[in-house]
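>>> Quick check, what structure comes out for this input:
(chains A and B)
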Amino acid sequence: DAGITQSPRYKITETGRQVTLMCHQTWSHSYMFWYRQDLGHGLRLIYYSAAADITDKGEVPDGYVVSRSKTENFPLTLESATRSQTSVYFCASSRTSEYEQYFGPGTRLTVT
Amino acid sequence: GENVEQHPSTLSVQEGDSAVIKCTYSDSASNYFPWYKQELGKRPQLIIDIRSNVGEKKDQRIAVTLNKTAKHFSLHITETQPEDSAVYFCAAASGNTPLVFGKGTRLSVIA
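Okay, here's the model as predicted:
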């Protein structure tokens, strides 16, 4: 589990601000994912990436931007944060789409 | 796309009893079905998974069964212990599409 890290672990920001959540993995996994977790909704996929420079939308992509210039990094940017984006964000990685996903420790984001 | 339904949303059992969580999926092409456990304040972690060429898989007190015809799979935990208390998520995936998760089951094991 130490192979996938997220930063920051906690973040408080104001409505309208841009925020970037970082995710780094050391396994050279091809796939990386961003989820948000809200009570009653489980884990909802925001964006995922099958390889460097390849990204795809998930279930709830609106208001988020991702990039993947290097295999090991997958940052998630909230371009103009809204209160509805207050959530716990998990990054995950896996060898393939049909293999175990390893989750990072999560980032708790509060938008005031 | 894939849709995964999970039941029940909450489950309370006495210590030592068995717990069963059920999931259904919609995409007949799905062939990978993992189960994750998430303790309070922690990250989800894989506890067991099954692929479509297998009907049942066991790991100590945990087992998963898969019925591809009916498109449902279940998690069975026997001899439950307080440390089994957590939220459990099922998921399904096929080909190059990412996992789709169920909404989770909060299991409480009462000592």
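>>> do you know how far A:Glu98 is from chain B?
A:Glu98 is 4 Å from chain B, where distance means C-beta to the nearest C-beta, to the nearest Å. No exception for glycine: its C-beta is placed from N, CA and C like everyone else's.
>>> which residues does that residue contact?
Contact analysis of A:Glu98 by C-beta atoms under 8 Å, 6 or more residues apart in numbering or on different chains lists B:Asn31, B:Tyr32, B:Arg51, B:Ala93, B:Ser94, B:Gly95.
>>> ok, which residues in chain A are in contact with chain B?
Taking C-beta under 8 Å from any C-beta of the partner chain, the part of chain A that reaches chain B is made up of A:1, A:31, A:33, A:40-45, A:48, A:50, A:58, A:90, A:97-101, A:103-106.
>>> where are the low-confidence patches of chain A?
Chain A contains residues with pLDDT under 70 at A:1-2.
>>> Going along the chain, name the strands of it.
Using DSSP state E, the strands of chain A run over A:4-7, A:10-13, A:19-25, A:31-38, A:42-51, A:54-57, A:64-66, A:76-78, A:87-94, A:102-103, A:107-111.
>>> As a markdown table, the ones you listed with distance to B:Ser12 and mean neighbour count would be great.
Shown next, in a markdown table, are the strands of chain A (distance: least, C-beta to C-beta, whole Å; neighbours: other C-beta atoms under 10 Å in any protein chain shown):
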| stretch | distance to B:Ser12 | mean neighbour count |
| --- | --- | --- |
| strand A:4-7 | 32 | 18 |
| strand A:10-13 | 31 | 14 |
| strand A:19-25 | 35 | 19 |
| strand A:31-38 | 22 | 24 |
| strand A:42-51 | 19 | 20 |
| strand A:54-57 | 38 | 14 |
| strand A:64-66 | 36 | 18 |
| strand A:76-78 | 36 | 19 |
| strand A:87-94 | 24 | 23 |
| strand A:102-103 | 26 | 21 |
| strand A:107-111 | 27 | 18 |
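>>> Save those strands as TSV, and put in distance to B:Gly16 too.
Below are the strands of chain A laid out as TSV (distance: least, C-beta to C-beta, whole Å):
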stretch	distance to B:Gly16
strand A:4-7	36
strand A:10-13	38
strand A:19-25	39
strand A:31-38	31
strand A:42-51	28
strand A:54-57	45
strand A:64-66	45
strand A:76-78	43
strand A:87-94	33
strand A:102-103	30
strand A:107-111	35
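>>> May I ask you to confirm that B:Ala49 belongs to a strand?
If you look again at residue B:49, you'll see it is Asp, not Ala. Yes: under DSSP: H, G, I helix; E, B strand; the rest coil, B:Asp49 sits within a strand.
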